[in-house]
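S.K.: Here is a sequence together with a model predicted from it:
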Amino acid sequence: MDQLRSDTAQMPLAIGRTIRPRHDEGADAPQQLHWIADLQTRLMGLLSRGQNLHRTIADALRLQAERPAVRGVLLVRRANNGVLSIASHTLDAAKHDVHKLQAWLLPRATESLAEGRPVIASSVDDRLECIALATRSLEFAAVVTVVEWPIGNAQRAIELSVAQTVLSFLQYASQQQRLEESAGQTRMAAATLELVQRIQDAETIDQACLVTAAQLQKHLACDQVFVGSVGRRRSRDAAGACHVRAASKLPTIDPYCETTLNMKAVLDEAVGRGTIGSWPPLPGFRTHQLLAHKQFAGRDSLVITVPLKDREGQIIGALAATGRRELATVPEFTRFLSAIEQPVGEALSVVARHQGSAAGRMLRGVIAKQHRAKQIVALLVMLAAGIMLACPWPYSIRCQSVTEPVERRFCVAPHDGLLETTLAEPGDVVRAGQCLANLDGSEILWELAGVTAEHSRAEAQRDSHQARYETPQAVMADLQARALANKKELLRFRQSNLQVRSPIDGIVLSGSLDRRENYPVTKGQVLYEVAPLERLRVEVAVPAEEVTHVEVGDRVTLFLDGMGSKTAEGTIDKIRPRAEVRDQRNVFVAEVILGNSDRTLRPGMQGTAKVSTDSKRIAWILFHHAAEKARAAWFF
């Protein structure tokens, strides 16, 4: 079947050398050269599309296969063990037996690769001819062009020249991809080193997690990044529960908010998976344990998680990135997250191990010194520090505070009617008896005139019945006259009480009827809220963890906004037994009553309060919070 044509087997063709057609064989040389130049332009245009290498190779082979005499083009790839295989081809399976042709063409590519020159062979039975052009500088071994047989030498040289052009382009495209991959790996390594350096500069694990979240959110250009860590006592944690330690764009984490609880479930799934996870799922990755990912992502968002591991491969935490779903199509996005799995995990593990050990490092450094005097000085410094830590010192607690009125008085509408004018607004200081608003009395006046007329008519009827000795009718008329007289007195009372006055001296706290005229009000409707200014109640928000150190009678120093450098002092009169949530913190409210004879304080003023408690040792003041947290972590 295979026959090697004698007129082409000995042609001295070299790789990289352009074969020009011979004019003596009737080929249209200018048109062919123009087609080759146009092919080079179209090939270079493939690089500007930004496609991957496999797509670029397929498009390049398709361009070469557009020539009229070409039946198909094959790209032969060389494996690491030297075995050749078909990587891509443009043969029409409907017209050719592809497997049969591959069995015939692979030996030609092997021969061209072994001899280092083009190999041209023909199959007379199939009326096909192949031009195998090999290279040693690429991961693919050769380009094999299948053309119709017979073919002239000039046309054969042109096809060989086209194959050389395509092969040179593929070599250039492969080099470009390697350069881009090398540059991307360099950028990724630089970003990873910078991130690890910033993490190692952090003093605490919380600060390190916050730096990690902020830097990753900025580098990845995503919406938000969460970082969590696995508890040390993992055997007592349910399935190695992961706690949210930091989130980008958030200085603090509320462990009880809905977002934090949902993200905790996502990070728990990441720790349980042990590999990168995403919703929508990434191609090629397992899709188990992604229920929390799906719920957090919703319909339009992307959630991708990566477990963080230390040098020994133990999972010490996880991080999650959220953003647009288009980010999943960016290869650098997932590649970078996969690359930082171990470096970031090890950096966070190192920070956690060395957190708070500055004194221990200094002690080890001093002991390691050989100079005796330095060791003595260090011991003396440590002794002095121990004595100082054992000295008592007044323990003070800083809290947030707000002033509130001791009592509140309400000014209500005396009867139904229309509000004519308002004379006070919230924030006005008023006196007892001062008019705050006027009610419209025209309707009362009209009703009073009608009632007066009816009362006169009832009295006339009563007198008429009495004159005719009609006793029952006279009694009924007398009763009606009395009812109208009472109604007339009621209307006169309302007419004399058309003004809403302040019951006490104080400040108007609220009143939503300012600048309203002819506004209908109902009887008992609250028009103004007035509070006295002689005494104010200061509500001090004592943190829940400090309430056991605060007692009734403790001295409180107040620094209120608007008072400048002035301070106010008082004592705690009452501690409310029930905790409250203020500014996302669990606090107990302590009340302090302050005199305000000069009326410099106003309700609603906020500030800082310093609660002075009993004297404690300096060591207890500095370390009791850490000790309580350590004890809680040990038992729970």
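M.R.: Now that the structure is in, tell me what you want to look at. No experiment lies behind these values; they were computed from the predicted model shown. Residues are numbered from 1 along each chain as shown.
S.K.: which residues sit in contact with the spatially most central residue of the chain?
M.R.: Compute the mean C-alpha point of the chain, and by CA atoms, centre = their mean the closest residue is Gln224, 2.7 Å away. By CB atoms under 8 Å, 6 or more residues apart in numbering, the contact list for Gln224 reads 217, 247-249, 321-323. Yep, even glycine has a C-beta here, placed from its N, CA and C like the rest.
S.K.: Among these, list the two that are farthest apart in space.
M.R.: Farthest pair in the contacts of Gln224 (CB to CB) is Ala247 and Gly323. Separation: 13.7 Å.
S.K.: the more surrounded of the two?
M.R.: Neighbours were counted for Ala247 and for Gly323 using other CB atoms under 10 Å; Ala247 has more, 24 against 19.
S.K.: How about that one: what's its closest non-neighbour residue?
M.R.: Sequence neighbours aside, Phe226 is the residue nearest to Ala247 in space, at 4.9 Å (criterion: CB to CB, 6 or more residues apart in numbering).
S.K.: Could you do Pro543 as well?
M.R.: Val587 (5.8 Å).
S.K.: Out of the contacts of Gln224, list just those in strands.
M.R.: 247, 321-323 (DSSP state E).
S.K.: follow-up on the earlier one: bridged to the residue nearest to Ala247, which residues?
M.R.: Note on Phe226: beta-bridge partners by DSSP bridges are Ala247, Ala320.
S.K.: quick check, Ala481 in a helix?
M.R.: Yes. Membership of Ala481 in a helix is supported by DSSP: H, G, I helix; E, B strand; the rest coil.
S.K.: residues contacting it?
M.R.: Ala481 touches 455, 458-459, 462, counting by CB under 8 Å, 6+ apart.
S.K.: tell me what the helix or strand harbouring Ala541 is packed against?
M.R.: Using DSSP states H and E, Ala541 sits in strand 535-543. On a contact count with 3 or more CB pairs under 8 Å, 6 or more residues apart in numbering; DSSP states H and E, strand 535-543 meets strand 392-405, strand 555-560, strand 568-575, strand 585-595, strand 606-617.
S.K.: In a markdown table: these, plus distance to Pro150 and mean neighbour count.
M.R.: What follows is the helices and strands packed on strand 535-543, written out as a markdown table (distance: least, CB to CB, whole Å; neighbours: other CB atoms under 10 Å):
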| stretch | distance to Pro150 | mean neighbour count |
| --- | --- | --- |
| strand 392-405 | 96 | 17 |
| strand 555-560 | 102 | 19 |
| strand 568-575 | 107 | 16 |
| strand 585-595 | 91 | 18 |
| strand 606-617 | 98 | 16 |
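S.K.: what's the closest of the ones you listed to Lys523?
M.R.: strand 392-405 (25.7 Å).
S.K.: how about low-confidence regions in the stretch 351-500 of the chain?
M.R.: 356-372, 441 (pLDDT under 70).
S.K.: Tell me how many other residues surround Ala292.
M.R.: Neighbours around Ala292, by other CB under 10 Å: 21.
S.K.: Buried residues, whatever helix or strand it lives in. List them.
M.R.: Take DSSP H and E as the rule and Ala292 turns out to sit in helix 291-297. The neighbour-count check on helix 291-297 (16 or more other CB atoms under 10 Å) flags 292-293, 296-297 as buried.
S.K.: next one: it to chain centre, how far?
M.R.: Offset of helix 291-297 from its chain centre (CA atoms, centre = their mean, to the nearest Å): 15 Å.
S.K.: Can you name the next helix or strand after it?
M.R.: strand 301-309.
S.K.: That following strand - which strands sit beside it in the sheet, and in what orientation?
M.R.: By DSSP bridges, strand 301-309 pairs with strand 277-279 (antiparallel), strand 315-324 (antiparallel).
S.K.: Going by neighbour count, which residues of the strand holding Ala541 are buried?
M.R.: Judged by neighbour count using 16+ other CB under 10 Å, the buried positions of strand 535-543 are 536-542.
S.K.: now do stretch 52-61
M.R.: For stretch 52-61, the buried set under the neighbour-count rule, 16+ other CB under 10 Å, comprises 53, 56-58, 60-61.
S.K.: In the stretch 251-400 of the chain, what residue spans correspond to helices?
M.R.: Taking DSSP state H, counting those that start in this stretch as the test, the helices found in the stretch 251-400 of the chain are 258-273, 291-297, 331-339, 341-354, 358-368, 372-390.
S.K.: Which among those is found nearest to Arg42?
M.R.: helix 331-339 (26.1 Å).
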